[in-house]
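Student: Please work out how this folds:
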Amino acid sequence: MKSGFVAILGRPNVGKSTLLNALTGEKVAIVTAKPQTTRNRIAGVVEVPARKGAHPPAQIVFVDTPGVHKPASQLDRRMLQEVHEALASRDLVLVLVDATRRVQLESDSPAGQKSSVWASEDRFLFSLVHNLDCPVFLVLTKIDLIRKDQLLPLIERLTKEFNFAEVIPVSARKRDGLDLLVRKIVGALPAGERYYPKDQYTDQPLRFMVAELIRESILIETGEEVPYASAVVIEYFEEPESDQPPSKSGRLPLTRIGAAIYCERSGQKAILIGKRGSKLKEIGAGARRKIESLLGTRVYLELHIIVEPGWRESRTFVESLDWRNQLDRLAGEQAREFEKDEEE
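Tutor: Below is the predicted model:
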């Protein structure tokens with residue numbers, strides 16, 4: 001058997017999360033048209049059956065990362081740290097490039113002229129993989145949106161920049177090239193054991209996935225200013241008893257969820273609430289439908305908004321948003337509750 005971790009890198013809006021969801025066949029990562037939607041490392045697990053004469057069975061752990069961009073806030077720096085941590089424990093790296101956008105490199109700037117921000121950020125992306133000691137694949141995304149004769153010049157430019165182990169054009173939306181991508185990945189992975197059980201498709205706890213679905217609804221329902229200044233924290237998550245059957249009327253069990261939406265300014269809070277609470281109702285209704293689909297239960301969702309000025313510059317607050325840190329905190333709280341009960 002083969003197994004390994006595959007880090008997915010790319011600039012914002014390159015389609016990393018769309019590709020991850022297409023590969024796993026599940027909604028592992030939220031997807032919107034707004035850049036910087038992904039803020040954390042998100043693992044999607046794919047079981048690949050053996051193909052006689054081609055390859056043994058394999059488990060691929062894809063690790064989606066935040067879009068690579070120059071950091072301007074503590075939140076941005078935390079997102080870049082997520083990228084570096086994904087690269088620290090990888091067996092293979094996919095560098096995704098949007099085939100519909102011209103990649104601008106330092107070499108494109110005329111002699112003596114300072115390179116643009118776009119050029120420096122494209123160069124920054126490639127600099128992250130220059131010294132890696134593992135296979136690096138170039139994956140050209142959104143190829144369904146351009147003519148095929150436009151791909152070759154782009155491939156020629158990028159392969160001069162880096163000696164990629166493979167170059168694979170794909171369309172996640174049409175699933176074009178995905179089977180080839182998976183086969184090539186399996187061929188490059190080392191022999192090993194499964195990291196996750198066969199039926200597990202992500203490492204994320206349900207609480208975090210629910211928080212992300214609420215944030216996705218915010219990104220979809222609000223304008224340009226609010227999304228990047230918003231964060232979601234689950235305050236309570238009350239699941240029904242595991243053996244609770246549907247009611248006699250056929251109604252599914254009920255999960256009760258409470259969440260806080262953080263923003264930075266009172267004006268943003270007003271946008272999130274909307275006239276007579278209309279916007280918050282739209283956010284809640286959109287999120288609830290997705291959460292019910294995820295959990296397979298009815299959902300009571302309570303949302304409220306907290307203004308936390310400058311939270312994106314607060315290292316403590318930004319660190320608290322990481323679901324791994326949230327799990328550690330919950331475990332500590334449960335341990336203290338247990339000790340208290342023992343004493344009583």
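Student: Could you pull up phi and psi at the closest residue to residue 325 other than its chain neighbours?
Tutor: Of all residues not flanking residue 325 in the chain, residue 319 sits nearest, at 5.8 Å (CB to CB, 6 or more residues apart in numbering). Backbone N, C-alpha and C define where each C-beta goes, glycine included. Phi and psi for residue 319, reported as degrees, to the nearest 10, are phi -60, psi -30.
Student: roughly how far apart are residue 319 and residue 40?
Tutor: Distance of residue 319 to residue 40, computed by CB to CB, to the nearest Å: 12 Å.
Student: Compare these two (neighbour count), which wins?
Tutor: Neighbour count, other CB atoms under 10 Å: between residue 319 and residue 40, residue 40 has more, with 18 against 12.
Student: what about that one, which SS state?
Tutor: Three-state call for residue 40 (DSSP: H, G, I helix; E, B strand; the rest coil): coil.
Student: quick one, what contacts it?
Tutor: 66, 82, 208, 322, 323 (CB atoms under 8 Å, 6 or more residues apart in numbering).
Student: can you do 7 Å?
Tutor: Applying CB atoms under 7 Å, 6 or more residues apart in numbering to residue 40 gives the contacts 82, 322, 323.
Student: okay if I get these as a markdown table plus neighbour count?
Tutor: Output for the contacts of residue 40, formatted as a markdown table (neighbours: other CB atoms under 10 Å):
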| residue | neighbour count |
| --- | --- |
| 82 | 20 |
| 322 | 17 |
| 323 | 19 |
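Student: domain parsing for the protein?
Tutor: 2-188, 206-343 (automatic domain parsing).
Student: What are the buried residues along stretch 313-324?
Tutor: By neighbour count on 16 or more other CB atoms under 10 Å, the buried set for stretch 313-324 is 317, 318, 321, 322, 323.
Student: next one: that stretch to chain centre, how far?
Tutor: 17 Å (CA atoms, centre = their mean, to the nearest Å).
Student: Residue 216 contacts residue 29, correct?
Tutor: No - if you go by CB atoms under 7 Å, residue 216 and residue 29 don't touch, sitting 9.4 Å apart.
Student: and the two? which has more neighbours close in?
Tutor: Regarding residue 216 and residue 29, a neighbour count based on other CB under 10 Å identifies residue 29 as having more, with 26 against 23.
Student: Now do the SS call for the more buried one.
Tutor: Applying three-state DSSP to residue 29 yields a three-state assignment of coil.
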